[in-house]
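J.: Starting from these lines, generate the structure:
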Amino acid sequence: MAKPRIVILGAGLGGAVAAFEIKDAVGDGADVSVVSQGDRFHFVPSNPWVAVHWRKRDAIEVDLPPVFAKRGIAFTGVGARQVSPALNQVELNDGAIVGYDYLVIATGPDLAFDEIAGLGPHGGFTQSVCHVDHAEAAAAAFDAFVLNPGPIIVGAVQGSSCFGPAYEFAMILDTELRRRKIRDRVPMTFVTSEPYVGHLGLDGVGDTKGLLESEMRNRHIKWVTNARVASVEAGLMHVEEIADDGSIKQTHDVPFAYSMMLPAFRGVAAVRGVEGLTNPRGFIVIDKHQRNPTYPNVFGLGVCVAIAPTGKTPVPVGVPKTGFMIESMVTAIAQNMAEILDGKAPTHEATWNAFCLADFGDGGVAFVAQPQIPPRNVNWSASGKWVHLAKVGFEKYFLGKIRRGESVPFYEKLALEIMGLRKIKA
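T.: Take a look at the predicted model:
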């Protein structure tokens with residue numbers, strides 16, 4: 001009798017760990033395979049460092065085929081063209097068909113630069129740190145910028161659901177410019193769709209509003225909130241500041257010599273538009289057990305899943321999916337998969353807590369939200385130089401975990417340790 005086939009689509013932070021943890025949970029009871037876009041794992045939280053040459057690309061990459069081979073997990077890096085849940089199959093970019101009994105979608109997002117004219121690194125005028133390729137391009141653009149400094153804009157456009165890296169990159173740029181002794185020649189503006197600084201798509205966590213506003217004042221960074229980017233042209237960003245009633249409160253034509261703007265996310269092309277599987281933005285619809293209601297043998301985790309916003313805001317703001325939340329989704333799916341293969345109904349649910357270390361180069365802000373969506377049992381934030389050291393240690397730990405093919409959950413332990421001791425053992 002053939003073993004059940006479990007296919008994991010995506011090998012980023014969620015997909016790679018899901019492969020290891022599901023393999024641990026089901027053992028020899030199923031064949032586990034991974035379909036990825038490329039053979040390399042990139043530690044995305046380190047991309048802002050790559051963009052200012054604080055890290056090299058190879059320092060934050062892992063070659064996946066030998067890691068998965070060691071764990072007995074099949075792997076292909078050709079990527080997926082189309083998911084067909086009614087047929088229980090995935091068409092790959094090379095035309096091959098991969099059948100499955102259970103599918104775990106962990107693709108991450110498609111980056112919707114095309115939704116705003118002039119946005120993005122591909123034919124646009126702004127940089128990105130969403131992918132290591134973008135971060136390398138941002139580093140090259142930064143090298144050119146420092147030879148002829150001018151204004152900088154950093155932020156996140158309407159519909160974005162990831163704000164931490166924007167705050168990080170603004171502060172990291174400030175730190176690097178001060179080290180180069182040219183900060184005095186660089187006016188900086190933070191442009192964000194958030195209703196207030198430190199909202200983060202979570203309606204704030206602890207005193208993130210006060211902490212981040214104070215940080216930006218201390219670093220002489222101006223900001224525009226409730227911002228809708230209308231378009232971008234060479235050296236000029238056209239921004240509409242939206243009032244609470246949805247009208248345009250004020251327009252800003254903000255000049256820049258360098259800009260990094262995070263885009264809105266949507267589901268990847270391989271799943272977008274599949275009726276019953278995704279919402280209108282292409283995100284995977286899931287129930288409390290991480291299963292799709294229409295196709296219950298399909299699971300979703302990470303940035304690609306649909307989550308309702310925390311509340312109505314003048315400009316659309318998405319909810320971030322942090323590593324802590326993703327890790328809990330992985331664990332729930334692995335445990336549910338083991339139950340299903342044992343002939344039982346799934347019972348496990350993700351905790352959907354949030355934990356973030358936002359590095360500012362010479363300091364940073366950390367926060368823990370349990371649960372992620374208010375009201376919360378834990379609503380904690382803090383700042384200090386220790387956050388930078390903690391993130392360096394976390395990078396080292398997590399990359400080591402991927403290289404070894406380990407599935408041991410870590411985020412909750414780290415969050416509790418930092419809240420209690422404000423330090424991390426790398």
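J.: Shouldn't Asn336 be within a strand?
T.: No - using DSSP: H, G, I helix; E, B strand; the rest coil, the assignment for Asn336 is helix, not a strand.
J.: If I look at His220, what pLDDT would I see?
T.: His220 carries a pLDDT value of 98.
J.: so how far is Leu177 from it?
T.: His220 sits 11 Å away from Leu177, going by Cβ to Cβ, to the nearest Å. Quick note: C-beta positions are derived from backbone N, CA and C, even for glycine.
J.: With neighbour numbers in mind, choose between these two.
T.: Using other Cβ atoms under 10 Å as the criterion, His220 and Leu177 rank with Leu177 on top: 22 against 12.
J.: Can you give me the buried ones in the strand or helix carrying that one?
T.: Element membership for Leu177 (DSSP states H and E) is helix 164-179. Neighbour counts over helix 164-179 (16 or more other Cβ atoms under 10 Å) mark 164-177 as buried.
J.: That helix - contacts with which helices or strands?
T.: When contacts are defined as 3 or more Cβ pairs under 8 Å, 6 or more residues apart in numbering; DSSP states H and E, helix 164-179 packs onto helix 47-50, strand 152-156, strand 188-192, helix 208-218, strand 258-262, strand 354-359, strand 364-370.
J.: Let's have the ones you listed in a markdown table, adding distance to Ile60.
T.: Converted to a markdown table, the helices and strands packed on helix 164-179 look like this (distance: least, Cβ to Cβ, whole Å):
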| stretch | distance to Ile60 |
| --- | --- |
| helix 47-50 | 7 |
| strand 152-156 | 21 |
| strand 188-192 | 25 |
| helix 208-218 | 25 |
| strand 258-262 | 18 |
| strand 354-359 | 14 |
| strand 364-370 | 18 |
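J.: show me the contacts for the residue nearest to Thr294 when sequence neighbours are not counted.
T.: Distance criterion Cβ to Cβ, 6 or more residues apart in numbering; nearest residue to Thr294, sequence neighbours excluded, is Gly276 at 3.3 Å. If you count contacts by Cβ atoms under 8 Å, 6 or more residues apart in numbering, Gly276 has them with Pro85, Val285, Asn292, Pro293, Thr294, Tyr295.
J.: remind me which residues of the protein are low pLDDT?
T.: Along the chain, segments meeting pLDDT under 70 span 408, 412-413, 416-426.
J.: Quick check: phi and psi on Gly15?
T.: phi -70, psi -40 (degrees, to the nearest 10).
J.: where's stretch 181-194 relative to the chain centroid, distance-wise?
T.: How far stretch 181-194 lies from its chain's middle: 23 Å, per Cα atoms, centre = their mean, to the nearest Å.
J.: in that stretch, what's buried?
T.: By 16+ other Cβ under 10 Å, the buried positions in stretch 181-194 come out as Arg183, Val186, Pro187, Met188, Thr189, Phe190, Val191, Thr192, Ser193, Glu194.
J.: ok, now stretch 389-397?
T.: Quick answer for stretch 389-397 (16+ other Cβ under 10 Å): Leu389, Ala390, Lys391, Val392, Gly393, Phe394, Glu395.
J.: quick check, nearest of those to Pro48?
T.: The closest of the buried residues of stretch 389-397 to Pro48 turns out to be Lys391 (Cβ to Cβ; 10.3 Å).
J.: re earlier: out of the buried residues of stretch 181-194, what pair is the most spread apart?
T.: Within these, two members stand farthest from each other by Cβ to Cβ: Arg183 and Ser193, at 26.3 Å.
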